[in-house]
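Undergrad: fold the following and give me the result.
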Amino acid sequence: MRADYIKHFIKGNIPINRFHKMIIVIFGLIITEIFLAICFPILRLANIVLLESQILILTFLPIIKNIKKNNIKSKVDNCNGDFVKLEDGYVRYKITGKESDPVIILINGFPMPFEIWERNTDDLAKSNYRVLQFDFWGFGFSDYPKYKVNVDLYCGQIRQLIQKFNFKEPINIIAFSIGCTIATEFVNKSTDLRFGKFVFIGPVVKSINISPFNWPVIGEYLTSLFIEKAMKNILKGNFFENNDLASFRSAFFEQLKFKQFNKVWLSFYRNIFTKATFESYKKFSCLGYPVYIISGKEDRIVPLHDSLLLHRELKWPLTVVKDGGHSVQYECYQYANSIIKNFLAEVNDIR
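TA: Purely as a prediction, here's the structure:
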């Protein structure tokens, strides 16, 4: 996400498909026709008609492109996991492990379905933990949010899940990427709950400039046209070697088939990434919970500097995984699982 998609697209660093070529041709024709209309008045009327037709095509391209997308309810039979009814709709979730075991809540990054944890849950459950995976509102197979996408919306979703499953405290949390910001905000707002330990994987610490996606109307238009390419770049950027991703890739791109995904994708991009701050982590650190950071040395999404900042300023232990990308818990899962289990097994004075 830190890479400016539009900038790389213009520079030619991103291969273009047939749809993008069509857009370039249309814009080229418009520029040519404006030039001809100025230089040759006799052709002005014909050029005006052509310009109007091309503007109509550009206006309706996003609608044409998304016309075959499905309603999420038509796809629930084809997905992994179960569904639970919360106040604002249905959430896809999966719980692994015994009810009597200590709880771990896994908090996703953007725009990840809960399959990003599929190589971690069984190992953690075998180590006597009860592990919850879930999809944020609007992602994976969870319903689309009724309210504005912001940190409070997702903090409320986590709280409802805790209450719905009657999780015993203290609750451990493992968060990934921008999910670390949501985790810190959730804990900062949840002084009535008791927590155990926290693992932050590739945490986002600084707000991100998302121009031009934060521009009204322009952001919606660009998202409708380029979201597939953006998703491909996000997937590629999350992994260092991009090997053995068939299972996850299928779940990741399945989200694109749903009608409201573009809207939620853009809203999350605008309203969550811009809220990532060091101050949130600093406030969280004052609560005194044990924290461990894991980051991939080859992370191309979030600079290693973010993790080093937390390590240096807040004194949280950090492991940098040599051959790991951003999704180090998936790519280097055996090593990541061993770090997590060792940290959780350490004897600490839990609040």
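Undergrad: extract the C-alpha trace of stretch 332-348 and format it as PDB.
TA: C-alpha atoms of stretch 332-348 as PDB (Å, rounded to 0.1, in the frame of the first residue of the first chain):
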ATOM      1  CA  CYS A 332       7.800 -18.500   7.300                       C
ATOM      2  CA  TYR A 333       5.100 -20.100   9.400                       C
ATOM      3  CA  GLN A 334       7.200 -22.800  11.200                       C
ATOM      4  CA  TYR A 335       9.600 -20.200  12.500                       C
ATOM      5  CA  ALA A 336       6.900 -17.700  13.300                       C
ATOM      6  CA  ASN A 337       4.800 -20.300  15.100                       C
ATOM      7  CA  SER A 338       7.800 -21.300  17.300                       C
ATOM      8  CA  ILE A 339       8.500 -17.700  18.200                       C
ATOM      9  CA  ILE A 340       4.800 -17.100  19.100                       C
ATOM     10  CA  LYS A 341       4.500 -20.300  21.100                       C
ATOM     11  CA  ASN A 342       7.700 -19.600  23.100                       C
ATOM     12  CA  PHE A 343       6.600 -16.100  23.800                       C
ATOM     13  CA  LEU A 344       3.200 -17.100  25.000                       C
ATOM     14  CA  ALA A 345       4.700 -19.900  27.200                       C
ATOM     15  CA  GLU A 346       7.000 -17.500  29.000                       C
ATOM     16  CA  VAL A 347       5.900 -16.800  32.600                       C
ATOM     17  CA  ASN A 348       5.000 -13.200  33.000                       C
END
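Undergrad: what about the strands in the chain?
TA: Remark: strands assigned in the chain by DSSP state E are 82-86, 89-96, 103-107, 130-134, 171-176, 195-201, 291-296, 318-321.
Undergrad: so, low pLDDT: which residues of the stretch 101-250 of the chain?
TA: Nowhere does the stretch 101-250 of the chain drop to pLDDT under 70.
Undergrad: same thing but at 80, please
TA: 208-211, 213, 242-243 (pLDDT under 80).
Undergrad: what about the helices in it?
TA: For the stretch 101-250 of the chain, applying DSSP state H, counting those that start in this stretch gives helices covering 121-126, 151-164, 179-189, 218-238, 246-254.
Undergrad: which residues touch residue 81?
TA: Contact analysis of residue 81 by C-beta atoms under 8 Å, 6 or more residues apart in numbering lists 92-94, 114, 133, 141. Bear in mind the C-beta positions are built from the backbone N, C-alpha and C, glycine included.
Undergrad: report the buried members of those.
TA: When these are checked for burial by 16 or more other C-beta atoms under 10 Å, the buried set is 92-94, 114, 133, 141.
Undergrad: which parts of this structure belong to which domain?
TA: For the chain, automatic domain parsing gives the domain ranges 5-66, 72-345.
Undergrad: tell me which of the ones you listed is the most buried.
TA: domain 72-345 (a mean of 19; mean count of other C-beta atoms under 10 Å).
Undergrad: coming back round to it: the helices of the stretch 101-250 of the chain: which one's closest to residue 289?
TA: helix 179-189 (7.4 Å; C-beta to C-beta).
Undergrad: OK, contacts around the most centrally placed residue in the chain?
TA: When C-alpha atoms, centre = their mean is applied to the chain, the residue found nearest the centroid is residue 110 (0.5 Å). Residue 110 is in contact with 1, 177-179, 268-269, 272-273, counting by C-beta under 8 Å, 6+ apart.
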